[in-house]
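>>> Next input, structure requested:
(2 chains)
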Number of protein chains: 2
Amino acid sequence: MLHILREHIEKIISLTDDEFSFISSHFEIKNYRKHDFLITLGHDVKYCYFVTKGLLKLVYDDEGGKQHIVAFAMEDWWESDFLAYYSKSKATMSLQCLEDTQVLCLPLESYHALCTSLPKMEHFLLQKANAGHISAQQRILSFLTSSASQRYNQLLKKYPALFQRVPKTQLASYLGVSRETLSRLSE
Amino acid sequence: MLHILREHIEKIISLTDDEFSFISSHFEIKNYRKHDFLITLGHDVKYCYFVTKGLLKLVYDDEGGKQHIVAFAMEDWWESDFLAYYSKSKATMSLQCLEDTQVLCLPLESYHALCTSLPKMEHFLLQKANAGHISAQQRILSFLTSSASQRYNQLLKKYPALFQRVPKTQLASYLGVSRETLSRLSE
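Next up, the predicted model:
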């Protein structure tokens, strides 16, 4: 599955075989089963994850015990509790498998080492960080301006695969609507 | 006001005088009056802005003509319509002064030039991009999990200065509540 990472990185920067060997040596490959946790609330967040196969949900549990899905992550996506990862604080969210999942795990020390030793990798990571920032800004906009029905249609248009793979209760939690509202929208 | 930029950057990386001269030569200094537009809907987004004095609002106008405030930016903050800036597409939001404002403007070509010529500047920009991503992720979380009353209190705690400087109608638009709801919250 390392070739998936290489293709992903080479969409932005080109790499020699030696450079890619150096990069991939910083990642750990891990396999998880459906329902397994990659990040557990209140624990250390050791890795940023690149998904090569499978599907994850990033979840926040509120004080009333209600679960809110902050993000989904499937093939070719990066995910973590980024605040806890970069600041070495404890996880305020959890990251759990919705399917059997394979990830490439990047420890924070390796993230920094890659940036220092290979400037073009820092360039790649800057592009990804900017893309993540833009995508989050667009989602804020959708909360401010769109009805549940519009958010549903935006998601359907942008990530049709999610509707095949994610249970409806989970989609409802991501969209910030009740399961009943979602059923009405998807009729 | 260049010293404000230097202090801001040196919170993350240290710079020699020559390096800072090189960096600052890439910025243009501009002054705007209250109500002026830095970014106009549908136009090119030439710059990313660093605020040295004043206050800006990043605004999205929905199809019904209703105005939604996506972000405020005051001293020491970076702001732009980042999607349009990085992708060289037309602005989908506008950026307007709530006070007389002074900004340092970074054209996209200069952003790239700084990254290429000065790796530690790319490192600085990566830290800022990650911080922007994290902050946006936290705001998404607040929309998913918090009531209007909680969002109001979070904002008051995080940025008390905003409550002195921003009219209540604008705060309501940022929080995604009506002016009447905000009045009830702030009583």
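>>> For the host helix or strand of A:Val103, buried residues please.
Using DSSP states H and E, A:Val103 sits in strand A:101-107. In terms of neighbour count (16 or more other C-beta atoms under 10 Å in any protein chain shown), strand A:101-107 has its buried residues at A:Thr101, A:Gln102, A:Val103, A:Leu104, A:Cys105, A:Leu106. For every residue, glycine as well, the C-beta is placed using N, CA and C.
>>> Let me know the angle separating the host helix or strand of A:Ala136 from strand A:101-107.
A:Ala136 is part of helix A:119-145 when elements are defined by DSSP H and E. Using axes from the mean of the first three to the mean of the last three C-alpha atoms, to 10 degrees, the inter-axis angle of helix A:119-145 relative to strand A:101-107 is 120 degrees.
>>> for helix A:119-145, the distance to its chain's centre please.
For helix A:119-145, the separation from the chain centroid amounts to 12 Å (computed by C-alpha atoms, centre = their mean, to the nearest Å).
>>> list the helices and strands that helix packs on?
helix A:108-117, helix A:148-158, strand B:55-61, strand B:67-74, helix B:82-87, helix B:119-145 (3 or more C-beta pairs under 8 Å, 6 or more residues apart in numbering or on different chains; DSSP states H and E).
>>> Quick check: closest non-adjacent residue to the residue nearest to the spatial centre of chain A.
When C-alpha atoms, centre = their mean is applied to chain A, the residue found nearest the centroid is A:Glu79 (2.8 Å). Using C-beta to C-beta, 6 or more residues apart in numbering or on different chains and skipping residues adjacent in sequence, the residue nearest A:Glu79 is A:Ala73, 3.7 Å away.
>>> pretty sure A:Gln137 contacts B:Val70?
Yes. Counting by C-beta atoms under 8 Å, A:Gln137 touches B:Val70, with 6.8 Å between them.
>>> these two touch, right, A:Lys120 and A:Glu10?
No. Using C-beta under 8 Å, A:Lys120 makes no contact with A:Glu10, being 11.0 Å away.
>>> sorry, back to before: the helix holding A:Ala136 versus strand A:67-74: what angle between them?
140 degrees.
>>> Mind listing what's buried along helix A:119-145?
A:119-134, A:136-145.
>>> swap in stretch A:170-181?
A:Gln170, A:Leu171, A:Ala172, A:Ser173, A:Tyr174, A:Leu175, A:Gly176, A:Val177.
>>> returning to that earlier point: Serialize the helices and strands packed on helix A:119-145 to a markdown table and add fields for mean pLDDT.
Formatted as a markdown table, these follow (pLDDT from 0 to 100):
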| stretch | mean pLDDT |
| --- | --- |
| helix A:108-117 | 95 |
| helix A:148-158 | 85 |
| strand B:55-61 | 94 |
| strand B:67-74 | 91 |
| helix B:82-87 | 94 |
| helix B:119-145 | 89 |
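>>> Could you say which one of these comes nearest to A:His35?
helix B:119-145 (21.9 Å; C-beta to C-beta).
>>> burial count for A:Met93?
25 (other C-beta atoms under 10 Å in any protein chain shown).
>>> do the same with A:Leu156
14.
>>> Could you check how far the closest residue to A:Glu122 other than its chain neighbours is from A:Ile134?
Excluding the flanking residues, the one nearest A:Glu122 by C-beta to C-beta, 6+ apart is A:Cys115, at 4.1 Å. Taking C-beta to C-beta, to the nearest Å as the measure, A:Cys115 falls 21 Å from A:Ile134.
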